[in-house]
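Q: Give me a 3D structure for the following:
(one chain, ligands or ions: 1)
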Amino acid sequence: MREIYLDNAATTFPKPEEVYRAIDRWMRTQGGSPGRGLYRRAVDAEEMVSDTRERLAALLGAGDPTRIVLTQNSTEALNMALKGYLRPGDHVVSTVLEHNAVVRPLWALEKRGVRVTTVESSAEGELSADDVVRALRPETRLVVCVHGNNVLGSITPIGEITRVAHEHGVAVLCDGSQTAGTLPLNVRELGIDLFAFTGHKGLLGPTGTGGLVVGPRIELEPLKEGGTGSLSESPEPPDWLPDRLEPGTPNTFGIAGLRAGVIWLAERGIEWVRAHEAALSQRLLERLLEIRGVTVYSPRTADRRLGVVSLNFDHLSPTDACGILTNKFGIDVRCGLHCSPLTHRRIGTEGTGTLRMSVGVFTTEADVDAAADAVQKISNLLYRRSVA
Ligand SMILES: Cc1ncc(COP(=O)(O)O)c(C=O)c1O
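A: Next up, the predicted model:
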């Protein structure tokens, strides 16, 4: 049975060959610690990490590469932004579309005196800048908002939200976990003050990589302190970026893989990725909409959605459906709450969640057709059972 991987919103698979090769080459032949020696291996490592930052800055339209702080993933980047920026007494506007990587740090911050207002979305997971404005208060310091929701695939009008937030002197933290590498975007043009991304999804790198773009007007308290290879005589971390927020030896072989993923994407263009994924997910969605006994939750048109489609069978739990899809049809999809419990509450699926299918750069039309055929077969079986 051929395996069809449709869980690219969790992590992309496979990665481009160049990514595997870069990691292997880095571990075998380079392997120095960046910024921590004058010998060739250490200097090469420093240059490789700086080059990755420059390529990320170009791909994301992030401006000054030194303001890209490399992290383990977007969870770390989001914690760094929220805990480094907010203080007791501050108010933050969040949304029902946020992942637990935002919801849980905010919950922890609420216990330390930060207040949170959570804005609703439409039934298909779309946010309105007007709702964000209505939630602002004089003490609001931050709006935190997902750029692409990981359950429904809905896309946030982030440029409109930053515009209205800035009119009120409020900064915006954007969770770009699902959009970095899948949606053409320019962090500076969109006015995003803090942009968190993960390396192992759309950017095609390995797990253990990610980052935070820190806008020119933003200052963050470090999430952790430690050695940076700079200003070592001082107990206080350096006051410049990225050193201030990047203590400890970085994940150099992961960064080498991330760099290869970014080069692969830059060569093809994010516009190509977007067109490929939009066409495939639209093809899938239209087939699913025709199947009796299946409910589709995602926005109907590709321009309002990433390559993610959430659905449920009327008479089969998402967990059972996932089991059948993987065991009988070789189709790997994700079921449950996808770490986004508030989104599920909004769409009325908080009990069991949904079944999520997500395409990637290596997904083909044959893959999505096979997934739709499998859903059709399961639905036919359920229908026959229900009338028997
Ligand atoms: C919208 C969103 N935010 C945050 C995350 C967390 O990403 P990571 O696990 O790479 O930190 C994810 C991952 O699924 C996500 O989809």
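Q: Whatever residue of the stretch 251-388 of the chain ends up closest to the ligand: what's it in contact with?
A: Per Cβ to the nearest ligand atom, Cys339 is where the stretch 251-388 of the chain lies closest to the ligand, at 6.1 Å. The way it works is simple: take the backbone N, C-alpha and C, and place the C-beta from them, glycine included. Contact partners of Cys339, counting by Cβ atoms under 8 Å, 6 or more residues apart in numbering, are 99-101, 150.
Q: State the pLDDT value of it.
A: Listed pLDDT for Cys339 reads 95.
Q: Using the three-state scheme, assign it.
A: coil (DSSP: H, G, I helix; E, B strand; the rest coil).
Q: Also Ala180?
A: For Ala180, the assignment made with three-state DSSP gives coil.
Q: Can you tell me the number of residues neighbouring it?
A: Neighbourhood size, Ala180 [other Cβ atoms under 10 Å]: 30.
Q: measure it to the ligand for me?
A: 11 Å (Cβ to the nearest ligand atom, to the nearest Å).
Q: In this structure that residue contacts Leu60, no?
A: Yes: shown here, Ala180 and Leu60 form a contact pair, counting by Cβ atoms under 8 Å, at 6.4 Å.
Q: where do the contact lists of those two overlap?
A: Common neighbours of Ala180 and Leu60 (Cβ under 8 Å, 6+ apart) are 195, 197.
Q: Show me what the helix or strand where Ala45 lies is in contact with.
A: Element membership of Ala45 [criterion: DSSP states H and E] is helix 40-60. Outside helix 40-60, the residues that touch it by Cβ under 8 Å, 6+ apart are 26, 30-37, 62-66, 68, 70, 176, 180-181, 185-187, 195, 197, 211, 213, 242, 250, 252, 255-256, 258-259, 262-263, 265-266, 270.
Q: The chain: strands as residue ranges?
A: Shown for the chain, the strands assigned by DSSP state E span residues 4-5, 68-71, 91-95, 115-119, 140-146, 171-175, 194-198, 210-214, 294-296, 308-313, 331-332, 334-336, 354-358.
Q: that older thread, can you redo the contacts of Cys339 as JSON lines with distance to Pro222 and pLDDT?
A: Output for these, formatted as JSON lines (distance: Cβ to Cβ, whole Å; pLDDT from 0 to 100):
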{"residue": "His99", "distance to Pro222": "23", "pLDDT": "98"}
{"residue": "Asn100", "distance to Pro222": "23", "pLDDT": "98"}
{"residue": "Ala101", "distance to Pro222": "19", "pLDDT": "98"}
{"residue": "Asn150", "distance to Pro222": "28", "pLDDT": "98"}
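Q: count of residues packed around Ala10?
A: A count of neighbours around Ala10, defined by other Cβ under 10 Å, yields 17.
Q: spatially speaking, which residue is in the middle of the chain?
A: Nearest residue to the geometric centre of the chain (Cα atoms, centre = their mean): Ser177, 1.2 Å.
Q: Would you confirm that that one contacts Thr198?
A: Yes: contact criterion Cβ under 8 Å: Ser177 and Thr198 qualify, at 4.9 Å.
Q: Let me see the contact set for the nearest residue to Thr207 once chain neighbours are set aside.
A: Excluding the flanking residues, the one nearest Thr207 by Cβ to Cβ, 6 or more residues apart in numbering is His200, at 4.5 Å. Counting by Cβ under 8 Å, 6+ apart, His200 touches 11-12, 73, 206-210.
Q: which neighbours do Ser177 and Thr198 share?
A: Contacts common to Ser177 and Thr198, judged by Cβ under 8 Å, 6+ apart, are Ser74.
Q: which helix of this protein spans the most residues?
A: helix 365-387 (DSSP state H).
Q: by contact count, what packs against that helix?
A: If contacts are counted by 3 or more Cβ pairs under 8 Å, 6 or more residues apart in numbering; DSSP states H and E, helix 365-387 sits against strand 4-5, helix 270-289, strand 308-313, helix 318-329, strand 331-332.
Q: Give me every residue in this protein lying close to the ligand.
A: 73-75, 99, 101, 146, 150, 175, 177-178, 198, 210 (Cβ under 6 Å from any ligand atom).
Q: go with 8 Å
A: Contact residues, the chain versus the ligand (Cβ under 8 Å from any ligand atom): 9-11, 72-78, 98-102, 146-150, 175, 177-178, 196, 198-201, 207, 210, 338-340.
Q: Buried ones only from those, please, as a PyMOL command.
A: Buried subset of the residues of the chain next to the ligand, written as a PyMOL selection, criterion 16 or more other Cβ atoms under 10 Å:
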select buried, resi 9+10+11+72+73+74+75+76+77+78+98+99+100+101+102+146+147+148+149+150+175+177+178+196+198+199+200+201+210+338+339+340
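Q: In helices, which of the residues of the chain next to the ligand appear?
A: Using DSSP H, the subset of the residues of the chain next to the ligand located in helices is 74-78, 100-102.
Q: still on that earlier bit, just the buried ones from the contacts of helix 40-60?
A: Looks like the contacts of helix 40-60 have 26, 30, 32, 34-35, 62-63, 65, 68, 70, 176, 180-181, 185, 187, 195, 197, 211, 213, 242, 250, 252, 255-256, 258-259, 262-263, 265, 270 buried, using 16+ other Cβ under 10 Å.
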